[in-house]
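Chemist: Need coordinates for the following:
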Amino acid sequence: MAQQPAETFGPEFPEFQATIMGAIPESIFIDLEAARRNNARVLVNFTNNEVHLRGPEGFSMEKWKARMDRFSAMDLNSYIEDGTLIGHFLLDEPQDRSNWNGNVVTPAQIDEMGRYSKERWPTLLTVIRAFPDFLQGHQFQYVDAVRFHYLEQQGPVDAWIEKHFTEARALGMAIVSGVNALNGGSKNSGIPGRKEGKFAMSAAELRNFGERILAQPDVCAFFVWEWDQAYVTRPDIKAALADLKAFAENRPKRLCRP
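Modeler: Residues are numbered from 1 along each chain as shown. Prediction:
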């Protein structure tokens with residue numbers, strides 16, 4: 001479950017085994033230790049929200065690297081080696097011009113982020129969140145996986161899978177996928193979303209969309225976006241998430257490597 005607070009790891013929420021977490025230098029070891037104690041896996045964003053990464057022309061590599069350098073003296077190797085820290089989430093939505101003063105973050109810049117990460121942690125998975133068609137045309141050397149998730153508003157789930165998974169396979173990257181549960185449901189769900197005019201996924205939608213995505217053999221990790229305690233503790237949603245966990249555990253495991 002993406003953005004799950006570290007204090008909720010453990011037996012109270014057995015449906016969740018991994019999270020996407022924004023890292024803060026002062027608390028990263030506390031959060032990773034909490035994950036380790038509860039056998040949870042963490043995909044870390046070391047630079048956090050795009051507001052910290054913008055300059056006058058949009059994305060600033062200098063600011064991104066400066067945010068990364070806050071962690072340069074920290075020894076995270078034991079968490080990488082034991083599988084607690086499963087990857088580095090490099091950036092969110094490089095193609096969204098509204099995030100970058102009307103520009104985009106180019107595939108070449110994304111690859112440079114991967115290089116900078118590998119310089120510090122050579123074995124740590126590097127992940128970019130973007131639809132695969134945005135990444136086409138560049139020969140990536142330092143980005144291992146692409147992450148994208150589904151919302152009902154994007155059209156029928158089977159057509160969505162066919163398009164984006166085909167394009168991701170052509171990139172030669174590992175695939176991290178999932179669903180936007182809080183804002184990606186249909187009007188029929190009846191569950192208000194986090195954003196005005198949006199709806200959260202119903203239990204039936206979670207099962208349907210999630211199982212279709214998890215049925216793809218090249219999915220190496222699956223995340224539900226994002227944590228909301230009122231939502232995840234609804235009995236119907238909790239049961240659907242438990243079913244998705246069981247479905248995931250019964251499929252063949254796949255390493256998140258290209």
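Chemist: Strands of this protein, residue ranges please.
Modeler: According to DSSP state E, the chain carries its strands in the segments 18-22, 41-45, 54-55, 58-59, 85-92, 125-129, 145-150, 174-180, 219-225.
Chemist: closest to residue 196 out of those strands?
Modeler: Ranking the strands of the chain by their distance to residue 196 (criterion: CB to CB) puts strand 174-180 first, at 15.5 Å. Bear in mind the C-beta positions are built from the backbone N, C-alpha and C, glycine included.
Chemist: Which elements pack onto that closest one?
Modeler: Judged by 3 or more CB pairs under 8 Å, 6 or more residues apart in numbering; DSSP states H and E, strand 174-180 is in contact with strand 145-150, helix 157-171, helix 203-214, strand 219-225.
Chemist: for the helix or strand of the chain with the lowest mean pLDDT, the distance to its chain's centre please.
Modeler: Ranked by mean pLDDT, DSSP states H and E, the helix or strand of the chain with the weakest confidence is strand 54-55, at a mean of 94. Offset of strand 54-55 from its chain centre (CA atoms, centre = their mean, to the nearest Å): 23 Å.
Chemist: so what strands line up beside that strand?
Modeler: strand 58-59 (antiparallel) (DSSP bridges).
Chemist: Can you list the neighbours in contact with the partner strand?
Modeler: Outside of strand 58-59, the residues within contact range by CB atoms under 8 Å, 6 or more residues apart in numbering are 50, 53, 94, 100, 101, 102, 103, 104, 105, 109.
Chemist: For these, pick the one with the most neighbours.
Modeler: Neighbour counts for these (other CB atoms under 10 Å) peak at residue 105, which has 27 neighbours.
Chemist: Settle this for me: residue 212 is touching residue 160, isn't it.
Modeler: No. The pair residue 212 / residue 160 is not scored as a contact, 9.1 Å apart, by CB atoms under 8 Å.
Chemist: about what we covered before: nearest approach to residue 136 belongs to which of the helices and strands packed on strand 174-180?
Modeler: Using CB to CB, the nearest of the helices and strands packed on strand 174-180 to residue 136 is helix 157-171, at 6.9 Å.
Chemist: what's the angle from the closest one to strand 219-225?
Modeler: Interaxial angle, helix 157-171 versus strand 219-225 (axes from the mean of the first three to the mean of the last three CA atoms, to 10 degrees): 130 degrees.
Chemist: which residues are contacting helix 157-171?
Modeler: By CB under 8 Å, 6+ apart, the surrounding residues in contact with helix 157-171 are 131-133, 135-136, 140, 146, 148, 150, 154, 175, 208-209, 212-213, 216, 218.
Chemist: Could you rerun that using 6 Å?
Modeler: 132, 133, 135, 146, 148, 150, 154, 175, 209, 212, 216 (CB atoms under 6 Å, 6 or more residues apart in numbering).
Chemist: Write a PyMOL command that selects only the buried members of the residues you listed.
Modeler: Restricted to buried positions by 16 or more other CB atoms under 10 Å, the PyMOL selection for the contacts of helix 157-171 reads:
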select buried, resi 132+135+146+148+150+154+175+209+212+216
